[in-house]
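[1] Build me a model:
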Amino acid sequence: MGHFRGRIKVWDVVNEALAPDGSLANNVFLRKLGPSYIEDSFRWAHEADPTAFLVYNDNKVEGMDGPNASKSDGYYRLLQNLVERDVPIHGAGMQAHFNAAGVGRQRPPTPGMVKNQIRRIGDLGLK
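    Residues are numbered from 1 along each chain as shown. Predicted structure coming up:
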């Protein structure tokens with residue numbers, strides 16, 4: 001990131017770090033760096049370019065109380081924890097992989113569920 005200091009405006013620092021149940025996914029970063037890797041990544045990115053807008057991004061987290069409520073709640077708790085720990089995070093991305101014909105966990109959240117999730121993330125001060 002330092003090589004591009006001042007030239008990258010928005011950086012998706014960590015992507016898809018959550019398992020379907022909302023816990024940290026058992027990925028190579030967790031296994032090699034430990035559970036602090038998300039916080040560390042944001043701090044390192046901020047050190048590399050203090051002007052960049054830093055984002056955490058995940059999928060199937062867009063609906064509060066929706067078909068993927070466990071993951072949506074885990075997403076919110078992760079963001080809340082980062083904000084409470086003064087981690088330099090500025091935004092939250094939600095990949096909406098909607099399936100209009102989906103059922104169960106594959107069904108799309110309602111517009112109200114999406115609105116409520118966006119509202120509570122905004123209340124954390126994130127965009």
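[2] contacts and neighbour counts: CA atoms only from here.
    Will do.
[3] Below-threshold pLDDT in this protein: ranges please.
    The model of the chain has pLDDT under 70 over residues 1-2.
[4] which helix of it spans the most residues?
    Longest helix of the chain, by residue count under DSSP state H: helix 69-84.
[5] Which strands or helices does it pack on?
    With contacts defined as 3 or more C-alpha pairs under 8 Å, 6 or more residues apart in numbering; DSSP states H and E, the packing partners of helix 69-84 are helix 111-122.
[6] hmm, try it at 10 Å
    Judged by 3 or more C-alpha pairs under 10 Å, 6 or more residues apart in numbering; DSSP states H and E, helix 69-84 is in contact with helix 37-48, strand 53-59, strand 91-95, helix 111-122.
[7] Mean neighbour count added to these, as JSON lines?
    Converted to JSON lines, those look like this (neighbours: other C-alpha atoms under 10 Å):
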{"stretch": "helix 37-48", "mean neighbour count": "18"}
{"stretch": "strand 53-59", "mean neighbour count": "20"}
{"stretch": "strand 91-95", "mean neighbour count": "18"}
{"stretch": "helix 111-122", "mean neighbour count": "16"}
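[8] Of these, which is nearest Val103?
    helix 111-122 (16.1 Å; C-alpha to C-alpha).
[9] Tell me the gap between the closest one and the middle of its chain.
    14 Å (C-alpha atoms, centre = their mean, to the nearest Å).
[10] Tell me which other helices or strands it touches.
    Applying 3+ C-alpha pairs under 10 Å, 6+ apart, one finds that helix 111-122 contacts helix 69-84, strand 91-95.
[11] Partner strands of the last one, with direction?
    Meaning strand 91-95. Sheet pairing of strand 91-95 (DSSP bridges) gives strand 53-59 (parallel).
[12] Run through who's touching the partner strand.
    For strand 53-59, contacts defined as C-alpha atoms under 10 Å, 6 or more residues apart in numbering pick out 8-20, 38, 42-43, 45-46, 68, 71-72, 75, 78-79, 88-97, 126-127.
[13] The same query, at a cut-off of 7 Å, please.
    Contacts with strand 53-59, where a contact means C-alpha atoms under 7 Å, 6 or more residues apart in numbering, come from 9-16, 89-96.
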